[in-house]
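# Pasting a predicted model and its sequence here:
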Amino acid sequence: MILNADAAFLPSQHKGGTGGVLRDAAGNFIVVFTTSISHTASPKQCELLAIRKGMDLLYSLQTCNVQIRSDCQEATAEVKIPDYELLANGGIVDDIRLVQHKLGNVSL
C-alpha cells in the first residue's frame, strides 16, 4: 500500500493544513485524511505533521506494509537523522519514529 501525504503552509498567518490518501497496490482508494494546523512555523513542519497524521491513521487502522510518500525530501530526510532529538522538529520526528516502530513495516 502507498500513503501519499502532503501539506500546505500560509506564512502570513502561520497556519497550514495536511492531507493524505491511502491506496492499495492496485491504486484503489482506501481512506483519506485532512487536518488543519492552527499554529506552525514552516512548510517543513507542516510536511512532518502530514507524515505524522498519516502514521496516526495507519496506527488506528493497524495497517502495515505501507510506503509513505511525501514531496518534501527535507522532511523525509529529517525523519532518518540519527540525532533527531536535537532538531527543532525533534518532537514530531520522535512521534513518527515511535509509530513507525510500533507498526513495523512502514517506510518513508
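Alright, I've got the coordinates. Numbering: from 1, shown residues only.
# contacts, neighbours, all on C-alpha from now
Noted.
# for the helix or strand hosting Gln67, packing partners?
Using DSSP states H and E, Gln67 falls within strand 66-70. Counting contacts by 3 or more Cα pairs under 8 Å, 6 or more residues apart in numbering; DSSP states H and E, strand 66-70 is packed against strand 2-10, helix 43-61, strand 106-107.
# For this protein, identify the residue most remote from the centre.
Distance from the C-alpha centroid of the chain peaks at Ser12, with 23.0 Å (Cα atoms, centre = their mean).
# Confirm that that one lies within a strand, as I assumed.
No: counting by DSSP: H, G, I helix; E, B strand; the rest coil, Ser12 is not found in a strand; it is coil.
# got the phi/psi numbers for it?
With angles defined as degrees, to the nearest 10, Ser12 sits at phi -70, psi -20.
# who touches Arg97 in this structure?
Counting by Cα atoms under 8 Å, 6 or more residues apart in numbering, Arg97 touches Val79.
# try Phe9
The contact partners of Phe9, by Cα under 8 Å, 6+ apart, come to Lys15, Gly16, Gly17, Ser42, Pro43, Cys46.
# how about these in a markdown table, adding pLDDT?
Below are the contacts of Phe9 laid out as a markdown table (pLDDT from 0 to 100):
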| residue | pLDDT |
| --- | --- |
| Lys15 | 96 |
| Gly16 | 97 |
| Gly17 | 97 |
| Ser42 | 95 |
| Pro43 | 95 |
| Cys46 | 97 |
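# Report the two of the residues you listed separated the most.
Greatest spacing in the contacts of Phe9, by Cα to Cα: Gly17 and Ser42 (11.6 Å).
# Compare those two and say which is more crowded by neighbours.
Set side by side, Gly17 and Ser42 show more neighbours around Gly17, with 20 against 15, by other Cα atoms under 10 Å.
# Relative to Ile92, how far out is the more buried one?
Using Cα to Cα, to the nearest Å, one obtains 15 Å as the distance from Gly17 to Ile92.
# what residue is smack in the middle of the protein?
For the chain, the residue nearest the mean C-alpha position is Ile51 (0.1 Å; Cα atoms, centre = their mean).
# Three-state assignment for Ala77, please.
Strictly by three-state DSSP, Ala77 counts as helix.
# Sounds good, over and out.
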